[in-house]
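In: sequence isn't available, so here's the structure alone:
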Ligand SMILES: C[S@@+](CC[C@H](N)C(=O)[O-])C[C@H]1O[C@@H](n2cnc3c(N)ncnc32)[C@H](O)[C@@H]1O
């Protein structure tokens with residue numbers, strides 16, 4: 001495992017090497033990489049298993065934000081074959097692949113921006129999201145976390161598996177780079193682009209707690225996807 005210093009050195013080098021790469025629109029980014037996507041994400045195989053085990057067996061109806069091709073859903077369905085899932089994603093190609101893989105499942109897909117989608121009220125036994133929300137600034141996530149909170153049944157949880165910055169320096173460096181690149185490329189505020197801007201664990205927790213969640217569990221995995229279980233009520 002890398003030390004924080006080596007990790008930050010490598011990150012700075014990578015940002016320098018890619019400084020001329022243009023930002024890509026979010027949905028196009030995933031469409032273009034669809035063929036190799038699942039292989040690329042296989043580094044998180046263990047995290048997907050751990051993530052699935054955190055979903056209570058009594059859940060009947062869940063919402064997945066940024067479900068992509070459903071890698072987190074596969075181990076979930078192994079444990080809960082009858083689970084009813086609504087998956088939201090911006091990218092039609094990712095959703096098409098998901099539907100093709102699971103014609104037999106109780107699955108509804110919605111091709112939409114989850115910041116715009118009406119999540120409902122007191123409706124879900126769990127809301128989940130894996131490796132999607134680190135693409136957005138906290139100001140945008142704050143309102144979404146409040147809506148996720150409202151959409152859950154009492155006592156139910158938002159289970160978030162995501163890329164978490166190792167320190168304030170990483171969070172600030174990536175956010176500054178993202179903002180500079182957006183300005184340079186004159187990208188309007190409403191356009192989503194693919195660039196990682198993870199928060200530190202402290203800042204991610206503050207956002208969740210600000211929405212009213214109680215943090216029940218935090219798992220820091222060796223392969224680097226951090227999982228937080230944020231519950232509505234005790
Ligand atoms: C790295 S992939 C993760 C997909 C899946 N959760 C997994 O672990 O394989 C991120 C996904 O989030 C989706 N996404 C990003 N921003 C979104 C938004 N605002 N609304 C809906 N989906 C979004 C992308 O299209 C992409 O499929």
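Out: Sure, I can see it. Keep in mind that what you see is a predicted model, and the values were worked out from it rather than measured.
In: flag every residue of this protein that's near the ligand.
Out: For the chain, the residues in contact with the ligand (CB under 6 Å from any ligand atom) are 26-27, 30, 41, 66-69, 71-72, 88-91, 94, 113-115, 130-132, 135, 192. Where you see a C-beta, it was placed from the backbone N, CA and C, and this is true even at glycine.
In: so which of those residues sit within helices?
Out: Mapping those onto helices (DSSP state H) picks out 26-27, 30, 41, 94.
In: toward the C-terminus, what is the element adjacent to the longest helix along the chain?
Out: For the chain, the helix with the greatest residue count under DSSP H is helix 168-184. Next helix or strand after helix 168-184 toward the C-terminus (DSSP states H and E): strand 193-194.
In: in the helix or strand following that following strand, what's buried?
Out: Proceeding N to C from strand 193-194, the next assigned helix or strand is helix 201-210, under DSSP H and E. Neighbour-count burial for helix 201-210, counted by 16 or more other CB atoms under 10 Å, picks out 201, 203-205, 207-208.
In: tell me the first helix or strand C-terminal of helix 201-210.
Out: Downstream of helix 201-210 (by DSSP H and E), the next one is strand 214-220.
In: strands paired with the helix or strand following that following strand, and their directions?
Out: Past strand 214-220, further along toward the C-terminus, the next helix or strand under DSSP H and E is strand 226-231. Within its sheet, strand 226-231 is paired with strand 152-162 (antiparallel), strand 214-220 (antiparallel), according to DSSP bridges.
In: let's have these in CSV, adding mean pLDDT and mean neighbour count.
Out: Output for these, formatted as CSV (pLDDT from 0 to 100; neighbours: other CB atoms under 10 Å):
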stretch, mean pLDDT, mean neighbour count
strand 152-162, 98, 21
strand 214-220, 95, 13
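In: same question for stretch 6-19, mean pLDDT?
Out: Here stretch 6-19 scores 96 as its mean pLDDT.
In: list the contacts of that stretch.
Out: For stretch 6-19, the surrounding residues in contact (CB atoms under 8 Å, 6 or more residues apart in numbering) are 2, 166-167, 169-170, 173-174, 177.
In: check those and tell me the two furthest apart.
Out: For these, the farthest-apart pair by CB to CB is 2 and 177; their separation is 19.9 Å.
In: these two: which is more packed in?
Out: residue 177 (18 against 10; other CB atoms under 10 Å).
In: setting aside sequence neighbours, what's the nearest residue to the more buried one?
Out: In this structure, residue 177 finds its nearest non-sequential neighbour in residue 15, 5.7 Å apart by CB to CB, 6 or more residues apart in numbering.
In: do residue 214 as well
Out: residue 231 (5.0 Å).
In: tell me which residues form a beta bridge with the one you found?
Out: The partner residues for residue 231, given DSSP bridges, come to residue 157, residue 214.
In: what's the local residue count around residue 110?
Out: Residue 110 has 14 nearby residues by other CB under 10 Å.
In: from what I can see it touches residue 119, true?
Out: No - applying CB atoms under 8 Å, one finds residue 110 not in contact with residue 119, separated by 10.8 Å.
In: shared neighbours of these two, anything?
Out: Joint contacts of residue 110 and residue 119 (CB under 8 Å, 6+ apart) do not exist.
In: returning to what we had before: got a winner among the ones in helices among the residues of the chain next to the ligand for most neighbours?
Out: Among these, the one with the most neighbours (other CB under 10 Å) is residue 94, at 24 neighbours.
In: I'd say it and residue 34 touch.
Out: Yes - counting by CB under 8 Å, residue 94 sits close enough to residue 34 to count as a contact (6.9 Å).
In: which residues are common contacts for the two?
Out: Joint contacts of residue 94 and residue 34 (CB under 8 Å, 6+ apart) are residue 69.
In: okay then, goodbye and thanks.
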